[in-house]
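Asker: here you go, sequence then predicted model.
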Amino acid sequence: MTPRTPVPHSLRQLSAAQAGALSLAQCRMVGFSDDMVRRVLSQGFWVRAGRGLVVTNTNELTPETVRWLAILAAGEGAALGLETAASVAGWGQPIGEVQLVVPHGARHVQPGPWTVLRTRTPFTTVGDPPRTTPERTALDIIRRDPDRAVGTLTDVVNARRTTPDRLLRELDRFQTFPRRDFVRGLLGDVGEGALSVLEMMWLRDVERAHGLPPGERQTRSRAGLRDIRYGSVLVELDGQLGHTGRGAFRDMDRDNLHVLVGELTLRFGFGDVDRRPCAAAAMLAVALRGQGWALDPISCRRGCIESESLLDRVA
């Protein structure tokens with residue numbers, strides 16, 4: 001059915017581009033008056049969606065429509081941000097509400113299924129509806145919850161949405177930033193090839209904490225990708241994802257192929273690295289000694305009692 005009040009073609013096009021969301025201001029810009037809007041609403045073709053907002057696709061209020069309504073409610077300069085921007089960009093998990101980022105002096109945003117982060121630090125946007133860049137998105141998430149720094153940085157870099165260098169440049173735009181030096185250090189670790197929370201923990205709590213030589217990260221062999229390589233000793237770090245079912249058999253095949261070409265594989269899980277990093281360091285040290293390396297792991301701040309016991313048993 002067609003509304004008895006004709007809707008301009010340009011307004012129908014704009015509505016389609018915005019998933020059915022329109023503001024009264026946009027209608028007025030093309031000569032569609034408030035009285036005309038009321039007539040179309042009364043005919044049941046459009047529905048109100050808040051003060052100054054309407055929806056033209058009355059059958060379903062999609063997540064994309066809600067995101068556009070949030071942008072229109074916030075006005076010029078607003079962007080999708082935080083987890084919303086991350087999920088739209090394909091590297092984060094969607095959440096129930098829409099999260100917006102707006103300049104500090106922006107107008108009041110009417111209530112709705114969205115939350116607003118006001119910021120004094122200028123930001124640029126990408127996409128339609130506009131969203132913060134991957135660099136700004138990641139850093140805004142970390143600003144709000146510094147405990148999520150490791151996972152957020154590895155997620156966005158793993159998804160190939162940005163690089164550590166671009167994140168560092170974005171970090172420099174903030175006059176103040178919680179735990180700035182810590183975040184800089186994490187970005188340095190990611191730049192060295194630590195591309196997961198588990199790999200970051202290994203680098204800091206096993207390798208560096210015990211004075212072990214730096215490994216080569218994310219190297220390839222004919223058998224596949226190797227997490228960390230210390231000469232002919234390989235370390236594989238197994239999170240749950242990808243290491244069960246068929247993934248476990250692929251891991252065994254890869255380990256066996258590496259043995260056939262003279263490479264020894266040590267495999268550690270999250271519990272090993274999180275709760276027993278000293279023992280993991282000792283095992284790696286023993287393996288490296290067996291390959292001709294002359295080294296002794298240093299004692300970390302935990303005391304390395306378990307490490308010393310293990311070294312005594314295999315000495």
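Answerer: Perfect, thanks for sending it.

Asker: please make it C-alpha for all contacts and neighbour counts, starting now.
Answerer: Will do.

Asker: what are the boundaries of the strands in the stretch 151-300 of the chain?
Answerer: 216-221, 224-230, 233-238, 264-269 (DSSP state E, counting those that start in this stretch).

Asker: got JSON lines for those strands, with distance to Ala287 and mean neighbour count too?
Answerer: Below are the strands of the stretch 151-300 of the chain laid out as JSON lines (distance: least, Cα to Cα, whole Å; neighbours: other Cα atoms under 10 Å):
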{"stretch": "strand 216-221", "distance to Ala287": "16", "mean neighbour count": "14"}
{"stretch": "strand 224-230", "distance to Ala287": "10", "mean neighbour count": "19"}
{"stretch": "strand 233-238", "distance to Ala287": "7", "mean neighbour count": "20"}
{"stretch": "strand 264-269", "distance to Ala287": "8", "mean neighbour count": "17"}
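
Asker: how about those strands in CSV, adding mean pLDDT?
Answerer: What follows is the strands of the stretch 151-300 of the chain, written out as CSV (pLDDT from 0 to 100):
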stretch, mean pLDDT
strand 216-221, 83
strand 224-230, 84
strand 233-238, 90
strand 264-269, 90
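
Asker: can I get these in a markdown table including distance to Leu295?
Answerer: As requested, these are exported to a markdown table (distance: least, Cα to Cα, whole Å):
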| stretch | distance to Leu295 |
| --- | --- |
| strand 216-221 | 18 |
| strand 224-230 | 13 |
| strand 233-238 | 14 |
| strand 264-269 | 18 |
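
Asker: of these, which is nearest Gly193?
Answerer: strand 216-221 (5.4 Å; Cα to Cα).

Asker: ok, and what's touching the closest one?
Answerer: The list of residues contacting strand 216-221 from outside it, by Cα atoms under 8 Å, 6 or more residues apart in numbering, reads Glu192, Gly193, Ala194, Leu225, Arg226, Asp227, Ile228, Arg229, Tyr230.

Asker: ditto for stretch 126-137
Answerer: 18, 67-68, 71, 78-83, 85-86, 89, 101, 123-125, 156, 161-162, 166-167, 170.

Asker: surely Arg120 touches His104?
Answerer: Yes - in this structure, Arg120 is within contact of His104 by Cα atoms under 8 Å, at 5.2 Å.

Asker: check the contacts of strand 216-221 and tell me the two furthest apart.
Answerer: Going by Cα to Cα, the pair spanning those furthest: Glu192 and Leu225, at 15.9 Å.

Asker: quick one on the thing from earlier: between the contacts of strand 216-221, which is closest to Gly151?
Answerer: Closest to Gly151, out of all of those and judged by Cα to Cα, is Ala194, at 11.3 Å.

Asker: tell me where the stretch 1-150 of the chain has helices.
Answerer: Assigned by DSSP state H, counting those that start in this stretch, the stretch 1-150 of the chain shows helices spanning 9-17, 24-29, 34-42, 63-74, 82-88, 134-144, 149-158.

Asker: tabulate the ones you listed (JSON lines), appending distance to Cys300.
Answerer: Shown next, in JSON lines, are the helices of the stretch 1-150 of the chain (distance: least, Cα to Cα, whole Å):
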{"stretch": "helix 9-17", "distance to Cys300": "58"}
{"stretch": "helix 24-29", "distance to Cys300": "63"}
{"stretch": "helix 34-42", "distance to Cys300": "70"}
{"stretch": "helix 63-74", "distance to Cys300": "49"}
{"stretch": "helix 82-88", "distance to Cys300": "37"}
{"stretch": "helix 134-144", "distance to Cys300": "28"}
{"stretch": "helix 149-158", "distance to Cys300": "22"}
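
Asker: alright, I will stop here.
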